[in-house]
Structures are given as structure tokens and as C-alpha cells.
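Visitor: here is a sequence with its predicted model. Questions after.
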2 protein chains.
Amino acid sequence: MTDREDLGALLQRLLRVVLERETALLTRHDVEMWEYVVLAVLQHGPAPTQNQLAALVGRDKTRLIGTLDGLQARRLVERNPDPRDRRNRVVSLTPAGRHRVEACRADIRRMEADLLGAVRADEAEAFVRVLSRLAGRRLPS
Amino acid sequence: MTDREDLGALLQRLLRVVLERETALLTRHDVEMWEYVVLAVLQHGPAPTQNQLAALVGRDKTRLIGTLDGLQARRLVERNPDPRDRRNRVVSLTPAGRHRVEACRADIRRMEADLLGAVRADEAEAFVRVLSRLAGRRLPS
DNA sequence: TATTGTTATACTCTATAACTATA
DNA sequence: TATAGTTATAGAGTATAACAATA
């Protein structure tokens, strides 16, 4: 670890490449980046409130609304009032939304495999493992 | 590589942590993020034109100007007209600028070592090596 | 005319503060 | 009154276009 670039610079450059490829790929599925992030989070289950969903995707609740409007207009997500507290709107995937995000995910995995193909398979696996460790887990709140 | 988060999500989360720590650290040196990026690039030698410098740091030439103004006002960089083509202004570090960026770099290295301390030393080294490979080299133009 | 550095304008994204409806 | 969702307003960051000086 003698003379190398800063970790921040390296991460930013790699992230930029990943995001460029991912954006192009998602466009072919008619899905924008933030839309995909929302769909991916909802794969784990419905979000009990939009507020919690916003925190989960790391975004403000006000900025989330336009994204949800677009997804709902295309019948990829549903917003249903919670009968127990009608202020809350529980957001969930429709079957179409589930199929869409699964198709996106498959393409992303292919893209990632292609990218990681530049290094040995065991190196790539170790890289992703350490990256997961260092990135920590998503804050649930 | 069964069920894991997307590479983009992992990279973004780790980058966010790194940038937060780096920003706090740079503030103690009275240096902003983009200012540090410029200083770090200039460590390798003067930039023959602001245009080339902008491309090197991955930024528009118009957005670079305010950053250079601030750095020049604090006598950390110099802008000298090129005698052979007086349209160009060659940007270089002053001695104070060199000392400043070296101090920042040292703190950043400490921060990175602390961050990478969460995994074994050989894993951390391999991680940075693969990351460098995948990030590729900075485009000179 | 073309290019470097600069300034000015417009646009996007984000953050903050009101508004409504339910509780 | 307090909270979830929504809308509206203001601010920061960015991109694009015009401008002055030099070639």
C-alpha cells in the first residue's frame, strides 16, 4: 500500500462505471434508477408507510412521491390505505412490478459478472465479500 | 455469489461513509472536497491549461473556476500565463499548497487504514488492489 | 475563424416549509 | 395536538450559451 490513489477516488470511478451501465440497462426496461431502487426494496415485502420506504431507500419522503406516482401510473406498485390507520398508505409490488424488477435484476447480475470478469473469479468473490462487510447493512430507519 | 445486494448499492454506501469522514477531516484543514481533488491532481505536476485540469478532475471548466479562485486567494495555487500561448494559464501548487495537500493526504491515509481495519490486513490489501484494477485509470483527456 | 478563460443564463435536483386528511 | 401524505417555494448544484482576449 505504497503510493496509490485515494479510496474515495477509486470508489467514485468504479461507481460511475457501474451506474452508467446500469442506467443504460434499466432504460431498456423503461425503469429509472430511483424507480429501480424502490422496486428492489419492495421485493423484500410491502412498506407499511411511505415514510419508512423513503428512509429505506435513503431519500426524503417528499422526493419519493413523484417516483411512486410514476410507478403506480404504470401499474408496477400499489398504494393502499391501511384500514387500521387511514393516514398510512402501504406500498407494495404488483405482479407486473415483481416481474419487472426481477428482469432488471437478472440483467444487472449479468452486467456485474461482465465487469468483474476483468479479475480472477476468486478475487472477484473476495472483493464483493469485503465490500459488503465495509459497506455495512442498510439502516432500517 | 447467491443473494446479495447490487454492486451499485454497496459501492454507494461505502463511498458515502468515506466521503463523510473525508469531508470532516478536510474541514479541519480548511479545504473543501473539490479543492482537495484539484490539489491532489496538481501534486503530479502543474496543469498546462485549466481545460486539461478540468478534464483531469472530471469536471466542467466553468465549474472549476470558482474552486481555483478560492485556492488562489489563499495562496495554495498559482495561475501563470503561458508565455508561448498567452491564452493558456498554467496552474501549479505553491509550497504552501504542497504542504497543505500532503497534510490532508496523511490524514486521509489514517482514516482509510481505520476503515479497512474492519477486515484482515491481507483482505484489505487485496480489496484495494482489485478496486484499483476495476476502477481503471483516470482518463487523461 | 478558432480556442482559452470567464461570465451569465437556464435547468435540475434537493431541502424546507406550508397544507389536507386522518388520528 | 400530532402525524402521513402532498404540494409549493426557495436554494444549491449543474449544464449550456454568450463574451473578451489571444492566436
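Guide: The structure has been received and is ready for your questions. Numbers count the residues shown, from 1 in each chain, chains lettered A, B, ... in the order given.
Visitor: what about stretch A:37-53, how long is it end to end?
Guide: 11 Å (C-alpha to C-alpha, to the nearest Å).
Visitor: now do stretch A:63-83
Guide: End residues of stretch A:63-83 are separated by 25 Å (C-alpha to C-alpha).
Visitor: same question for stretch A:78-89.
Guide: First residue to last in stretch A:78-89 (C-alpha to C-alpha) measures 9 Å.
Visitor: ok, residues contacting that stretch?
Guide: With C-beta atoms under 8 Å, 6 or more residues apart in numbering or on different chains as the test, stretch A:78-89 has contacts from A:48-50, A:68, A:72, A:90-94. Quick note: C-beta positions are derived from backbone N, CA and C, even for glycine.
Visitor: buried residues in the longest strand along chain A, which are they?
Guide: Using DSSP state E, we find that the single longest strand of chain A is strand A:85-93. When neighbours are counted by 16 or more other C-beta atoms under 10 Å in any protein chain shown, the buried residues of strand A:85-93 are found to be A:88-91, A:93.
Visitor: tell me how far whatever helix or strand A:T62 lives in lies from the chain's centre.
Guide: Using DSSP states H and E, A:T62 maps to helix A:61-73. What separates the centre of helix A:61-73 from the centre of its chain is 15 Å, taken as C-alpha atoms, centre = their mean, to the nearest Å.
Visitor: after it, which helix or strand is next? Please name it.
Guide: strand A:77-82.
Visitor: if we can go back for a sec, run the contact check for the helix or strand just after the longest strand of chain A versus chain B.
Guide: Using DSSP H and E, the helix or strand that follows strand A:85-93 towards the C-terminus is helix A:95-116. Yes. Helix A:95-116 lies within reach of chain B by C-beta under 8 Å from any C-beta of the partner chain, at A:105, A:108, A:112, A:115-116.
Visitor: just the buried ones from those residues?
Guide: For those, buried by 16+ other C-beta under 10 Å: A:108, A:112, A:115-116.
Visitor: nearest to B:D30 among those residues?
Guide: Using C-beta to C-beta, A:L115 comes nearest to B:D30 of these, at 38.0 Å.
Visitor: quick one: residues contacting that closest one.
Guide: Contacts of A:L115 (C-beta under 8 Å, 6+ apart): A:17-18, A:21, B:7, B:134.
Visitor: give me the residue from chain A nearest DNA strand C.
Guide: Going by C-beta to the nearest atom of the strand, DNA strand C is nearest to A:R86 of chain A, at 3.4 Å.
Visitor: per-residue confidence for that residue?
Guide: At A:R86, the pLDDT value in this model is 96.
Visitor: repeat that for the one 10 residues further on.
Guide: Each residue has a pLDDT score; the one for A:A96 is 98.
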